[in-house]
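Chemist: next comes the sequence, and after it the predicted model I'd like to discuss.
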Amino acid sequence: MKKLYITLSFVIASGILSAQNNKTKSADKLFDRFEYVEAANQYLKLVDENQNDNYINQQLADSYYNVFNTKEAVKWYSKLVQEEQKPEVYYKYSQMLKAEGNYDEANKQMQKFASLAPNDKRAISFKNNPNYLTKLKSQRPIFDIKPSELSSDKSDFGGILTNDNTIYFASARNTARKNHGWNKEPFLDIYQATYNENGTISEATLVEGVNTKWHDGPASVTADGNTMYYVSESFNENKFEKVKEKNAKYGRMYLYKATKNEGKWENAKPISLNSTEYSLRNPSISNDGKTLYFSSDMPGGIGGEDIWKVSVNGDEYGTPENLGENINTGGNESFPFITEENSLYFTSDSRQGFGGYDVFVADLKKGTEAINVGEPVNSEKDDFSFSFNTAKKVAMFSSNREGVDNLYLANPICGVNAIVIVKSTETRKTIEGATINVVDNTNNVIATDLTNGVGQKIFEVECEKEYTYKISKDGFEDGIFTSPASGNGSTLVEAYLEPIKPIITEKEVILQPIFFEFNESNITAQGAEELDKLVAIMIEYPEMVIFAKSHTDSRGKDKYNLILSENRAKSTVQYIISKGIDKARISGQGFGESELKIQCDDCTEEEHSQNRRSEFLIIKK
């Protein structure tokens, strides 16, 4: 995948690079030059000579990881984790396992990663939703895909379709060029082709006026077709960083701007934001030409590579702005593409996906969280560089699912995945088991379901229609939320429910029912949420003293019910104390079925539930 492929170009001067030790010196030199294929071959020679150790296993695993040779990466990471390793090793191992389709083992490695790095956002996301893959696979496909005839036997990626029916993309197919040490393919050039009305595509040709002897591409073109922003290298400007200890010169990726004059690209020049301290890559210019999106490892970011934007006024640029945590993570986000509707498509290696790099989309107008585009665009391999000409309803992306980066066409399927997430307005936490009724514009209920363990439910609805979502949950006020008519894709409905406030009388604090598991006395998540309301009241009234009474219904033997209710009362008291309330202010007792609220011989479930209750009497206010 080309995120890393074009991260750092370089020229190595003569001399010796630092290395782990003498036996790995030659391989380490290749590794430091990002020539991972040859480096791996050198390390393998040491393995054949029975000289391998943990360091060599690490270098081999990372070499194969960096060129996305998943099978070999899995082989060497599996040897590495036989001993305790740093958290990132387990994360990389899990990604390679996932790319190989071994999801069960990938989850085991993610669990190890999460245990070693519990505060890492990738770990937190995994722990909050470890079975996310089932949810992703249940999403309705929003695109049909097919391989593009533009692909060659070399790397092809970064395809965009402009309004004048020109396709621009980056390719390593030019065998007249020298090979790059990364993967033994020629350096990249920018190519163009014509997208015909019948859907066929003309033969690709080199774009004149922008290609150099270094890596060039991918590119972005303004709506009028007259300005191009593209990637090339700092060596064009004789700019690089000297590293004395390695006697090396390291270049960076620069963004360039070119203009079209009488059908020819000319006046190519680097933009003023470039620096030898970091790289700028993968540009995307907004429809009005006033905002340039790009990816960079510049200081002030969140992860290794982040997505940024900057205002554009001719040849003047504002201060770059990081798109923040709704888009960027502690990993790598790259290949931004902004549509006319201000939807941002991008690639991430750290958000929950199918494996490798996945394509995500976020509505920048609403500021909502990014959503995985789903299958078939995403796969177990690297899927990236997604662009979408919404006016022509033609999208393009790249994937190495066939072993090399190829171009694919994607056509939107008319339909919407409505992703409803239900949260508490008070705690901002998601709510499991909330009932959602989906109502169409004729006031008919077309679907009813419950939110899952992370407060979410996906509904497949028709495009270009408005829907209403009526949501209810015990302990919360009912809520009504709408999603506007929208075209193909996904829409996010964030539904915040207001918790029902406790009622304070002269004699008691009335909460919503405190539910326990059947025949159990441990506090559940729902019970904790209600008891937290009592804690808040006791903090507000520091002199208040509460006596908690626990009751069961009439089913079961008297003695058993008395013991069960006593245990539940103790659990309730212990929970309140654990929240910082003085134990002198809270006590409790179980009453079994001795104080039934409703006397009945053949009780209904509703009557049983009213008898199965907790009461919180005010001893002192």
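Modeler: Nice, thanks for sending it over. Residues are numbered from 1 along each chain as shown.
Chemist: from here on, contacts and neighbour counts on C-alpha atoms
Modeler: OK.
Chemist: what about residue 92, neighbour count?
Modeler: 22 (other CA atoms under 10 Å).
Chemist: next: residue 568.
Modeler: Neighbour number of residue 568 under other CA under 10 Å is 26.
Chemist: got it, and residue 263?
Modeler: Neighbours around residue 263, by other CA under 10 Å: 9.
Chemist: how about residue 603?
Modeler: 15.
Chemist: what are the C-alpha coordinates of stretch 590-605, in CSV please?
Modeler: Only the C-alpha atoms of stretch 590-605 are listed here, as CSV (Å, rounded to 0.1, in the frame of the first residue of the first chain):
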residue,chain,number,x,y,z
GLY,A,590,-34.2,-7.7,52.3
PHE,A,591,-37.9,-8.4,52.8
GLY,A,592,-38.4,-11.3,50.4
GLU,A,593,-42.1,-11.5,49.5
SER,A,594,-43.3,-10.4,52.9
GLU,A,595,-44.5,-6.9,51.7
LEU,A,596,-46.1,-7.5,48.3
LYS,A,597,-47.3,-4.4,46.7
ILE,A,598,-50.0,-6.3,44.8
GLN,A,599,-51.8,-9.2,46.3
CYS,A,600,-52.7,-11.7,43.6
ASP,A,601,-53.2,-15.4,43.3
ASP,A,602,-52.5,-15.7,39.5
CYS,A,603,-50.2,-12.7,39.0
THR,A,604,-49.4,-11.4,35.6
GLU,A,605,-45.8,-10.5,34.6
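Chemist: moving C-terminal of the lowest-mean-pLDDT helix or strand in the chain, what's the next helix or strand?
Modeler: Using mean pLDDT, DSSP states H and E, strand 10-12 stands out as the lowest-scoring helix or strand of the chain, at a mean of 37. As assigned by DSSP states H and E, the chain's next helix or strand after strand 10-12 is helix 25-32.
Chemist: break down this protein into its helices, ranges please.
Modeler: 2-5, 25-32, 36-48, 54-66, 70-80, 87-99, 103-116, 121-128, 132-138, 525-540, 558-578, 605-611 (DSSP state H).
Chemist: as JSON lines, those helices with distance to residue 592 and mean pLDDT would be great.
Modeler: Listed next are the helices of the chain as JSON lines, based on distance: least, CA to CA, whole Å; pLDDT from 0 to 100:
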{"stretch": "helix 2-5", "distance to residue 592": "64", "mean pLDDT": "41"}
{"stretch": "helix 25-32", "distance to residue 592": "71", "mean pLDDT": "83"}
{"stretch": "helix 36-48", "distance to residue 592": "70", "mean pLDDT": "88"}
{"stretch": "helix 54-66", "distance to residue 592": "61", "mean pLDDT": "89"}
{"stretch": "helix 70-80", "distance to residue 592": "55", "mean pLDDT": "92"}
{"stretch": "helix 87-99", "distance to residue 592": "50", "mean pLDDT": "88"}
{"stretch": "helix 103-116", "distance to residue 592": "41", "mean pLDDT": "89"}
{"stretch": "helix 121-128", "distance to residue 592": "36", "mean pLDDT": "82"}
{"stretch": "helix 132-138", "distance to residue 592": "41", "mean pLDDT": "80"}
{"stretch": "helix 525-540", "distance to residue 592": "19", "mean pLDDT": "87"}
{"stretch": "helix 558-578", "distance to residue 592": "4", "mean pLDDT": "89"}
{"stretch": "helix 605-611", "distance to residue 592": "10", "mean pLDDT": "74"}
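Chemist: pick the most buried one from those.
Modeler: Compared across the helices of the chain, helix 87-99 shows the largest average neighbour count, a mean of 24 (mean count of other CA atoms under 10 Å).
Chemist: and that helix with helix 121-128, angle?
Modeler: 60 degrees (axes from the mean of the first three to the mean of the last three CA atoms, to 10 degrees).
Chemist: remind me what helix 87-99 packs against, helices and strands.
Modeler: Judged by 3 or more CA pairs under 8 Å, 6 or more residues apart in numbering; DSSP states H and E, the packing partners of helix 87-99 are helix 70-80, helix 103-116.
Chemist: among these, which is nearest residue 618?
Modeler: Nearest to residue 618 among the helices and strands packed on helix 87-99 is helix 103-116; the distance by CA to CA comes to 43.1 Å.
Chemist: can you name every helix or strand that that closest one contacts?
Modeler: helix 87-99, helix 121-128.
Chemist: can you put those in JSON lines and add distance to residue 537?
Modeler: Formatted as JSON lines, these follow (distance: least, CA to CA, whole Å):
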{"stretch": "helix 87-99", "distance to residue 537": "42"}
{"stretch": "helix 121-128", "distance to residue 537": "29"}
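Chemist: how about residue 448, nearest residue that isn't a chain neighbour?
Modeler: Nearest non-adjacent residue to residue 448, counting by CA to CA, 6 or more residues apart in numbering: residue 437, 4.5 Å away.
Chemist: tally up the residues packed near that neighbour, please.
Modeler: By other CA under 10 Å, 19 other residues sit near residue 437.
Chemist: export the helices and strands packed on helix 87-99 to JSON lines and tack on distance to residue 140?
Modeler: Converted to JSON lines, those look like this (distance: least, CA to CA, whole Å):
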{"stretch": "helix 70-80", "distance to residue 140": "28"}
{"stretch": "helix 103-116", "distance to residue 140": "21"}
